[in-house]
Every structure is written in structure tokens, then in C-alpha cells.
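Asker: I would like to see how this sequence folds:
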Amino acid sequence: MPQQLIMRLFGILLTVPAALISIAVHESAHGYVSYKQGDPTAKNLGRITLNPLKHFDLFGFVCMVLFRVGWARPVPVNPRYYKNPRRGMSITAAAGPISNIIMAFIGVIGYELVGLISFPEMNTAYYICVTIYMFFQVFASLNVFLAIFNLIPIPPFDGSRIAYIFMPPKAYFGIMKYERFIMLGMVVLLWLGILDVPLDFLSGALLGGMEWLVELIPIFK
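Answerer: Below you'll find the model as predicted:
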């Protein structure tokens, strides 16, 4: 089997646990922030949990593993509990991408730390460290992609709900009617690779900025 194919399969294998962790934290962040604003909906449904099966969407998960961007089963929230529904909805929506950025930072710190370890020979410990290093790389890259993807200001992404605070309600809900068609269109664009260039550019820039910040820490100099 060609080495390139082996590495590709290994990368997919590492993406599975990375994706499960990421969707659990992302969706729980939505539910928790909504709960802190007075909405008990997600809590009552058991959706503020790090159990990924509670948030699992098969098609979205497959897209995440194959294309590095995807989705989970949305956490239900009720903005009528918020003191300011428009602002509350925007804050709740922003919690997901923010959680992805935090996880990406953790990933960067993780592989930077593992990168400090050196081995005189390629023994078992060496291959374990390489695997951990690659997992943190996949974890950081995946979460950067998810943050950027979810910040796209069109439905059904979190960015559209963040933008809600700046849009007239009539215009916002008019666009929301086409949520399913927009999602289908985005899946087609992902499948055709049309979004690869802008997503790769933005994710590379954001990941590079994170690495630069982490490397300012004295231990990494």
C-alpha cells in the first residue's frame, strides 16, 4: 500500500476522536451559555454534556471526518428566556466557534509541547509521541476549520445567528426559510472542493497566528 495512502487513512483514523471531542464541546458550549442566560431547554434535554452521542449527526460527522468541516445535531435553545433575545441568541451562537478556537489553541500547545521531546532512535516511545503529535495537529486543524466554517454569516451556521443582532428580523427570517437548501449547496461545494482554497487560506492564517502566539511562551523559544 502506498505510503501516502497509509498516511491519509491514519489521518482519518485520528480525525474520528478529534471530531467526537470537538462536536461535544461545541454543542455543549451553546447549551451552557444559553442556560447561563436563563434558558433551561438544553439542560432539561440532557444536551449540556461531553457525551458525543448526545450530539451525533451521522452525515455531518462523515463530512467532518472527510472534509474537516461538518456539523452535529443542533442544541435546542429558546431565546424567549433571554432578557434581550437578539443579543442572547448572538452570544449563544458565538459560544460554539469560540469553543473551537480555544480547542485549537489547546491542540497547538499540545503538539508544540510534544515537539520538544527528542529521541535518539525510532523506538516504541518515539512512535507513540509521533502519534500524539499528529493527533494534536489534526485536533487543532479540525477546530480551526470548524470555527471558520461556523462563522460564515449565512444559515444554518452560527455566523448567521451572530449576524442576527445586526439584521432586521424580517430579512433574517426571510433568509432562514432557505436554510436547508443553503446547507445542501454548501455540501455540494465541499464535495467539489470549491471551498478548499478559501478555507485552507483562512485556516492556515489563523493556525499560523496561534503558533506564533504559543511560541512567544518562554518554554517554546
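Asker: any idea which residue sits dead centre in the protein?
Answerer: Nearest to the geometric centre of the chain sits L146, at 3.2 Å (CA atoms, centre = their mean).
Asker: so what's the backbone phi/psi at the residue nearest to it when sequence neighbours are not counted?
Answerer: Leaving out its chain neighbours, the residue that sits closest to L146 by CB to CB, 6 or more residues apart in numbering is N100, at 4.6 Å. Bear in mind the C-beta positions are built from the backbone N, C-alpha and C, glycine included. In terms of degrees, to the nearest 10, the main-chain angles of N100 are phi -70, psi -40.
Asker: Give me the neighbour count for N100.
Answerer: Neighbour count of N100, defined by other CB atoms under 10 Å: 26.
Asker: where's the residue nearest to the centre of the chain, which helix or strand?
Answerer: Assigned by DSSP states H and E, L146 belongs to helix 124-150.
Asker: just how off-centre is that helix within its chain?
Answerer: How far helix 124-150 lies from its chain's middle: 13 Å, per CA atoms, centre = their mean, to the nearest Å.
Asker: just checking, what packs against it?
Answerer: Judged by 3 or more CB pairs under 8 Å, 6 or more residues apart in numbering; DSSP states H and E, the packing partners of helix 124-150 are helix 3-36, helix 85-114, helix 196-214.
Asker: Make JSON lines from those and add distance to P76 to it.
Answerer: As requested, the helices and strands packed on helix 124-150 are exported to JSON lines (distance: least, CB to CB, whole Å):
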{"stretch": "helix 3-36", "distance to P76": "8"}
{"stretch": "helix 85-114", "distance to P76": "11"}
{"stretch": "helix 196-214", "distance to P76": "28"}
